[in-house]
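In: here's my sequence, what's the structure:
(4 chains)
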There are 2 protein chains.
Amino acid sequence: MTRKKVKLAYITNDSARKATFKKRKKGLLKKVSELSTLCGIKSCAIIYSPYDSQPEVWASEHGIQHVLGLFKNMPEMEQTKKMVNQESFLKQRIAKANEQLKKQQKDNREKEMTEVMFQSLTGKSLHNLTMMDLNDLGWLIDQNLKNIYRRIGQLNKVAQKQVQGEPAAAKTEGTMVGSTSTSTTPSEMNVDTMQRQQWFMDMMNLPQENNMGFGGDEMMLPFGDNSHNALWSNAFFP
Amino acid sequence: MTRKKVKLAYITNDSARKATFKKRKKGLLKKVSELSTLCGIKSCAIIYSPYDSQPEVWASEHGIQHVLGLFKNMPEMEQTKKMVNQESFLKQRIAKANEQLKKQQKDNREKEMTEVMFQSLTGKSLHNLTMMDLNDLGWLIDQNLKNIYRRIGQLNKVAQKQVQGEPAAAKTEGTMVGSTSTSTTPSEMNVDTMQRQQWFMDMMNLPQENNMGFGGDEMMLPFGDNSHNALWSNAFFP
DNA sequence: TGATCTATATATAATTG
DNA sequence: TCAATTATATATAGATC
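Out: Residues are numbered from 1 along each chain as shown, chains lettered A, B, ... in the order given. So this is what the prediction gives:
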C-alpha cells in the first residue's frame, strides 16, 4: 500500500505476487513477534506458500506444540465458535468502509458549501445553484451566524460584569477579552433572524408555512443525506 | 508505534497492554487476510490471550483443519527445521539495527564535516578541531575538488571537440555545455595538488613521509570508522 | 470500558542499481 | 532475482469523549 493504493485482490503477475508475498510474510512475522513481546501472550503463525515446500512457522517462547496441542484438544464445536471466516470478515470491513464513505461525503459537502458561501460573499452569483444547494447553504450560514451570536452573547456577559462589579471581574477565570461590541439584545437578534428568514422564503418563492413545523435543535445535519427531500427549515439561535 | 516510539518490551500497565493487544490483534488478522487474498495462499493464525478463554482463530478459505492437518502429519524433524524461534529472530533484527546505526553515524559525520567546511570558507577558525576532524575535513575537501576537476576535464573534452571537429560535435548525444573555462592541463593540476598537500602538512606540523605509502582509489571512506587511527593520506585526482 | 481522533511510526509498492 | 531507496498508504499510541 504505497506508491499506489493496491486493490485487495489476487495479484495475477507472478513475480509481483511473489515479491509481495515475501515482503508481507516478513512484516507479518514481525508483527506476531511484537505482539508476543508487548503483551506477553503465546502465539504462533503458520503460512503455507507455493514458493516453499515447508510452511513458514513462527512460535513464541513456549513453542508451537503447546499452542497446537491446546487447540487440538478442544471440542470441535468450541473451535468453530470463535472462528472467523473470510466472508464474515470481509462483510465487516465492507460495512466499515461504507460508513467511512458516508462520513467523507458529508464532510466534502460541507467543505463545498463553505467554498460557495465565501464565493458568494465576494459577489459571485447564486443562480446556478440547485434547490438542495441553496438549502444546505442556508443551513451552513445559519450555523455560522449561530456561533457568532453565541460568541457575542458571551462577550456581553463579560462586559456587563466588568461594568457592574469591577472587583468581581478580576476573579473571573474565564475569557477576558476587551470587547466593545454594540450591545445587541436577544430580542433584537430574533427580529434580524426572522427578517432574514422572510427574505429567504421570498427568494425561494415558497409559502411561509413551509418554514414551520420541524423540530428544534435535534434536527439532523442536512449534508450527505441523499434521501433528504425535506428542506432545512429552522434557524437556531441561543 | 505512534505518538511515541514504543519500546519493544512487555507492557506492564494492565489496561494499556490490553488496549494494545486488541488493536494489534485486529491489525494482525487484517494482514493475514490480505496476504491470503493478495497472494492466494492458505494461511491460518491462532492467538491465545488471557483476555479470552477461546483462542482467536483466522482461517482462509479452506479452513484451519486442512492447514493444521498437514502440519501435524509432517515428521517432527521437518517441523523444527523451518521454525524460527524468538532468539534467532531478535538477533537478526539487532544485527540489522546496528548496521543502520553505523550507516547513519557515517552519514552524520559527513554532514557535520560539510558544515565545518562551509564555515571555514566564511573565515571561521579551525583551531578548535581535533586531529581526526581535520583529517576527515581534508578528505572531504579532496573529494569535492576531485569532482570539480573531473567536471572541468569533461568540459574541456567537449570544448576541444567543438573546436577541432565542428560537424562531429552535432552528433554527440552527451552533455553539450558551452564551457569557456581556461584550459588547465593535467600537469598543472597536479602541481596545485602537491602544493596544497604541502601546505596541509606544514599546517599539521607533520613530517612529509606520513603523507605517503597508502593505497590508491581503494581507500575506505574515513567517516564513521571509530577505530581509524591511520590518517587519511592521499589525494585522488583523475 | 469502547469508539474515535490525530500525530507519528511502520509497512510496503514501485523503482532503481 | 535480490537489496536498497523512496514515496505513500497503513497501523497504532496516546488523548479525548
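
In: pull the contacting residues for the residue nearest to residue A:35 when sequence neighbours are not counted.
Out: Counting by C-beta to C-beta, 6 or more residues apart in numbering or on different chains, residue B:24 is the residue found nearest to residue A:35 once chain neighbours are left out, at 5.1 Å. (C-beta placed from N, C-alpha, C; glycine too.) By C-beta atoms under 8 Å, 6 or more residues apart in numbering or on different chains, the contact set of residue B:24 is A:31, A:34, A:35, A:38, A:39.

In: residues contacting the third one?
Out: So the one you mean is residue A:35. Residue A:35 makes contact with A:41, A:43, B:21, B:24, B:25, B:28, B:47 under the criterion C-beta under 8 Å, 6+ apart.

In: need the three-state assignment for the fifth one.
Out: Per DSSP: H, G, I helix; E, B strand; the rest coil, the local secondary structure of residue B:25 is helix.

In: residues near it, how many?
Out: Residue B:25 is flanked by 22 other residues according to other C-beta atoms under 10 Å in any protein chain shown.

In: just to check, it is in contact with residue B:45?
Out: No: Residue B:25 is not in contact with residue B:45 according to C-beta atoms under 8 Å; the separation is 9.4 Å.

In: pull the most distant pair out of the contacts of residue A:35.
Out: With C-beta to C-beta as the measure, no two of those lie farther apart than A:41 and B:28, at 11.4 Å.

In: quick one: common contacting residues for the two?
Out: Residues touching both residue A:41 and residue B:28 (C-beta under 8 Å, 6+ apart): A:35, B:47.

In: could you point out the longest helix of chain A?
Out: Criterion DSSP state H: the longest helix present in chain A is helix A:86-121.

In: just checking, which helix or strand succeeds that helix along the chain?
Out: Sequence-wise, the next helix or strand downstream of helix A:86-121 (DSSP states H and E) is helix A:131-164.

In: show me what that next one packs onto, helices and strands only.
Out: helix A:86-121, helix A:166-171, helix A:186-204 (3 or more C-beta pairs under 8 Å, 6 or more residues apart in numbering or on different chains; DSSP states H and E).

In: so for the shortest one, mean pLDDT?
Out: Put plainly, it is helix A:166-171. The average pLDDT for helix A:166-171 rounds to 42.

In: circling back to that earlier point, where among the helices and strands packed on helix A:131-164 is the average confidence lowest?
Out: helix A:166-171 (a mean of 42).

In: quick revisit: from the contacts of residue B:24, which is closest to residue B:98?
Out: Comparing these against residue B:98 with C-beta to C-beta picks out residue A:34 as the nearest, at 19.0 Å.

In: helix or strand for the closest one, which one?
Out: Element membership of residue A:34, judged by DSSP H and E, is helix A:14-39.

In: same question for that helix, mean pLDDT?
Out: 87.

In: same question, stretch A:42-53
Out: 73.

In: residues of chain A that sit close to DNA strand D?
Out: A:1, A:2, A:3, A:4, A:5, A:6, A:14, A:15, A:18, A:22, A:31, A:38 (C-beta under 7 Å from any atom of the strand).

In: identify the residues contacting the fourth one.
Out: I take that to be residue A:4. With contacts taken as C-beta under 8 Å, 6+ apart, residue A:4 has no neighbouring residues.

In: can I assume it sits in a strand?
Out: No: Residue A:4: not assigned to a strand; according to three-state DSSP it is coil.

In: rebuild the contacts of residue B:24 as JSON lines, extending it with distance to residue A:116.
Out: Putting those into JSON lines (distance: C-beta to C-beta, whole Å) gives the following:
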{"residue": "A:31", "distance to residue A:116": "45"}
{"residue": "A:34", "distance to residue A:116": "48"}
{"residue": "A:35", "distance to residue A:116": "48"}
{"residue": "A:38", "distance to residue A:116": "49"}
{"residue": "A:39", "distance to residue A:116": "50"}
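
In: so which of the residues you listed comes closest to residue B:136?
Out: Residue B:136 lies nearest to residue A:34 out of these, by C-beta to C-beta, at 38.3 Å.

In: burial count for that closest one?
Out: Neighbourhood size, residue A:34 [other C-beta under 10 Å]: 16.

In: which one of the contacts of residue A:35 sits closest to DNA strand D?
Out: Checking those against DNA strand D with C-beta to the nearest atom of the strand, the nearest one is residue B:24 at 4.2 Å.

In: what about that closest one, distance to residue A:38?
Out: 7 Å (C-beta to C-beta, to the nearest Å).

In: ok, residue A:48 next?
Out: Distance of residue A:48 to residue A:38, computed by C-beta to C-beta: 27 Å.

In: go on, residue A:115?
Out: Here residue A:115 is placed at a distance of 45 Å from residue A:38 (C-beta to C-beta).
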